[in-house]
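**Q** sequence first, then the predicted structure, then my questions.
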Amino acid sequence: MKIADVRMVSSVLPKTDKEWRFALAARSQSEGVIVTIHAEDGTVGYGYGQGAPHYGTTLAAVKANIEDFKTRLVGKDSRNIAAIMRDLEHSITGNNQSKAAIDCALHDLLARRLGIPTRDLFGGAGRSEFRSLRILPIKKPAEMAANARRLFDQGVRHFKIKVHGDVEEDIACVAAVREEVGQDGHLTIDANQSYSPKDAIRAITRMAAFNIDLAEQPVPFNDLRGLKLVTDAVPVIIEADEAAYSLDQVMLIARERAADAISLKISKLGGLRNTLAAAQICQAAGLKYRLGAHSGPRILAAHAVNLAAALPDIWYNCELTEFEGLENDPWEGLEVIDGVLRLPTGIGCGVLPRAGSALMAAAS
């Protein structure tokens, strides 16, 4: 079935916390674009392209790339996803966020035409529920503890504490959150590249006393030797995120044993097919993997949770519920109940634009 049209709609959603920040930037809103791919029979597939400067792609670049991709897509057989994505790979290096939007929309289109959920394209669901894991953005220790308590009372039991490279203050934040949620809370930390290797070793070794489950991307993304140094030195599982920005990098990290685990993200890796391939690399190498923070509207989380359900060896809780921290999300069909995200029941990725939203016009 040929592609008849490709459309793009901006998706800028305010965050509930207007002072939300992590080590690399402050983000008061989620910025991206919705891509709709229309087939000749009227079937529509949905994808999401995320603006992510810390992964090397601005929102303006995502929009420009997708505009350029349109001429390569219209008239192509929408079922030939591998060939289409290979052509896009040859057309431009990197810019994985733009390619992810197209990849996800094509898979969504195929699944909706077949009348099945996207996960069935990858072997079907091996699990149907995911505990919510929520991010605690950088604040003073008492504020982070208060945020953890609010989420804990909503049923959340897994938390990612954002730290920023000040060893003593970061340790104080971890201590405050642990004291607030007790031993029923599962804690991770994410430095977003903000430590030197020696500071990372010092901080994470001391944080281990507060029973943290993993430490994400402690050192700069291009310092794989430093990442390996930290991995080999501390008693906590070290997870690569920004360093694992492509399939080549996932392979390199696995080969060098530079980390214990890898955070896989659809937008970062260029779509569902590449994320599945990255999971298979990790599995073959004996490296732990999971789906990391998919920070955006429900459409992004819906694609991610369908893939996560089909991956058999995810070692730790995934981060698929950050949409709960956004206002005016125009998608429906994916909800968290008592701290648990359940698979959507609809076909395709399982979500649709809410009635009356601007997205309805793009889909019609």
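**A** Arrived safely, thanks for sending.
**Q** quick check: residue 287 touching residue 260?
**A** Yes - with contact defined as CB atoms under 8 Å, residue 287 counts as touching residue 260 (7.3 Å). The way it works is simple: take the backbone N, C-alpha and C, and place the C-beta from them, glycine included.
**Q** how far away is residue 70 from residue 88?
**A** Separation of residue 70 from residue 88 (CB to CB, to the nearest Å): 11 Å.
**Q** what is the burial count for residue 71?
**A** Using other CB atoms under 10 Å, residue 71 has 10 other residues around it.
**Q** tell me the domain ranges of the chain?
**A** Domains of the chain are assigned by automatic domain parsing as 3-115+356-363, 121-353.
**Q** tell me the most buried of the ones you listed?
**A** domain 121-353 (a mean of 20; mean count of other CB atoms under 10 Å).
**Q** centre of the chain to that one, how far?
**A** What separates the centre of domain 121-353 from the centre of its chain is 8 Å, taken as CA atoms, centre = their mean, to the nearest Å.
**Q** now the end-to-end length of that domain.
**A** Taking CA to CA, to the nearest Å, domain 121-353 runs 22 Å from one end to the other.
**Q** list the contacts of the helix or strand encompassing residue 13.
**A** For residue 13, the host element (DSSP states H and E) is strand 3-14. With CB atoms under 8 Å, 6 or more residues apart in numbering as the test, strand 3-14 has contacts from 28-40, 48, 63, 66-67, 69-70, 73-78, 296-297, 326-330, 358-359, 362.
**Q** in strands, which of those fall?
**A** 29, 30, 31, 32, 33, 34, 35, 36, 37, 38, 39, 48 (DSSP state E).
**Q** may I ask which two of the residues you listed are separated the most?
**A** 29 and 39 (32.0 Å; CB to CB).
**Q** using CSV, write down the CA coordinates of the strand holding residue 13.
**A** Extracted in CSV, the C-alpha atoms of strand 3-14 (Å, rounded to 0.1, in the frame of the first residue of the first chain):
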residue,chain,number,x,y,z
ILE,A,3,2.2,6.3,1.0
ALA,A,4,-0.1,9.1,-0.1
ASP,A,5,1.0,11.9,2.3
VAL,A,6,3.2,12.8,5.2
ARG,A,7,2.2,15.5,7.6
MET,A,8,3.8,17.1,10.6
VAL,A,9,2.3,19.0,13.6
SER,A,10,4.3,20.7,16.4
SER,A,11,3.9,19.2,19.9
VAL,A,12,5.0,21.6,22.6
LEU,A,13,3.6,20.6,26.0
PRO,A,14,4.3,22.4,29.3
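**Q** I figured residue 214 hits residue 236, correct?
**A** Yes - shown here, residue 214 and residue 236 form a contact pair, counting by CB under 8 Å, at 6.4 Å.
**Q** run the chain-centre distance for the helix or strand where residue 97 lies.
**A** Using DSSP H and E, residue 97 sits in helix 96-114. Offset of helix 96-114 from its chain centre (CA atoms, centre = their mean): 16 Å.
**Q** elements contacting that helix?
**A** Counting contacts by 3 or more CB pairs under 8 Å, 6 or more residues apart in numbering; DSSP states H and E, helix 96-114 packs against strand 29-39, strand 44-50, helix 59-73, helix 81-91, helix 266-269, helix 272-285, helix 298-310.
**Q** can you give me the distance of the closest residue to residue 49 other than its chain neighbours to residue 300?
**A** Counting by CB to CB, 6 or more residues apart in numbering, residue 49 lies nearest to residue 101, which is 3.4 Å off, once chain neighbours are set aside. For residue 101, the distance to residue 300 (CB to CB) stands at 10 Å.
**Q** now for those two: what residues contact both?
**A** residue 48.
**Q** low-confidence stretches in the chain?
**A** 357-364 (pLDDT under 70).
**Q** the same query, at a cut-off of 80, please.
**A** Applying pLDDT under 80 to the chain flags residues 52, 54-56, 356-364.
**Q** residue closest to the middle of it?
**A** The centre of the chain sits closest to residue 294, judged by CA atoms, centre = their mean, with a distance of 2.6 Å.
**Q** quick one, what contacts the closest residue in space to it that isn't next to it in sequence?
**A** The shortest distance from residue 294 to any non-neighbouring residue, by CB to CB, 6+ apart, is to residue 304 (4.5 Å). Neighbouring residues of residue 304 by CB under 8 Å, 6+ apart: 265, 266, 291, 294, 318, 320.
**Q** now the last one: which helix or strand?
**A** Secondary structure assignment for residue 320, by DSSP H and E: no helix or strand.
**Q** what's the spacing between it and residue 192?
**A** In terms of CB to CB, residue 320 sits 19 Å off from residue 192.
**Q** again with the third one
**A** When distances are taken as CB to CB, residue 291 and residue 192 turn out to be 17 Å apart.
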